[in-house]
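>>> no FASTA, just this:
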C-alpha cells in the first residue's frame, strides 16, 4: 500500500468502531492467544472477591491491538515506525469502543499520529501516538 505524503494532511483523521458489545468470550480468546491468563481477565470470582473489581476486564494489550488496527488499516503494517499507548481506564465486557486516529504532523517522509479510543460513554480508555513512513 503506498502512503504518499501528498495523500494525507495534518488534521485529517479516521474514526472507527473497533468493537461493539465486547464479549467475555473474546477476552478469554485473547488470553489463550497471548498466553496471559491473569485471573483479573478470566476469573469473575477472583476479579470480584479477591481483587475488588466489579468483574473481569479486557487485557490492556487487547485494547491496544484493537486501537492499532485503525492505524494499520490506514497506513499499512509495513509502514508503521512506532506505536505506543497509555491505558486510561478499564475496558469491561459489554463496552463498545471507538478509535480516532489523527495526523498531527508531517515531516518529510514521516507522519506523526495521535490515537484515542473511547467507550460508549465517551470515557477515554486508551490514548497514544504513532509514526508512519510516507512515500515522497
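Structure's in. What do you need? Computed from a predicted model, the values in this text were never measured in an experiment. Numbering: from 1, shown residues only.
>>> give me the mean pLDDT for the longest helix that the chain contains.
In the chain, with assignment by DSSP state H, the single longest helix is helix 60-75. Within the predicted structure, the mean pLDDT of helix 60-75 is 96.
>>> which is the succeeding secondary structure element to that helix?
strand 80-87 (DSSP states H and E).
>>> tell me which residues of that next one are tucked away?
Applying a neighbour-count criterion of 16 or more other C-beta atoms under 10 Å, one finds 80, 83, 85, 87 buried in strand 80-87. For glycine as for every other residue, the C-beta is placed from the backbone atoms N, C-alpha and C.
>>> how close does residue 115 get to residue 87?
12 Å (C-beta to C-beta, to the nearest Å).
>>> ignore the last one, residue 104
With distances taken as C-beta to C-beta, residue 104 is found 20 Å from residue 87.
>>> got the contact list for residue 95?
19, 21-22, 58, 119-120, 125 (C-beta atoms under 8 Å, 6 or more residues apart in numbering).
>>> output those residues as a markdown table; include the columns neighbour count, secondary structure and distance to residue 31.
Below are the contacts of residue 95 laid out as a markdown table (neighbours: other C-beta atoms under 10 Å; DSSP: H, G, I helix; E, B strand; the rest coil; distance: C-beta to C-beta, whole Å):
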| residue | neighbour count | secondary structure | distance to residue 31 |
| --- | --- | --- | --- |
| 19 | 20 | strand | 16 |
| 21 | 10 | coil | 19 |
| 22 | 22 | coil | 14 |
| 58 | 24 | coil | 10 |
| 119 | 20 | coil | 21 |
| 120 | 13 | coil | 23 |
| 125 | 24 | strand | 18 |
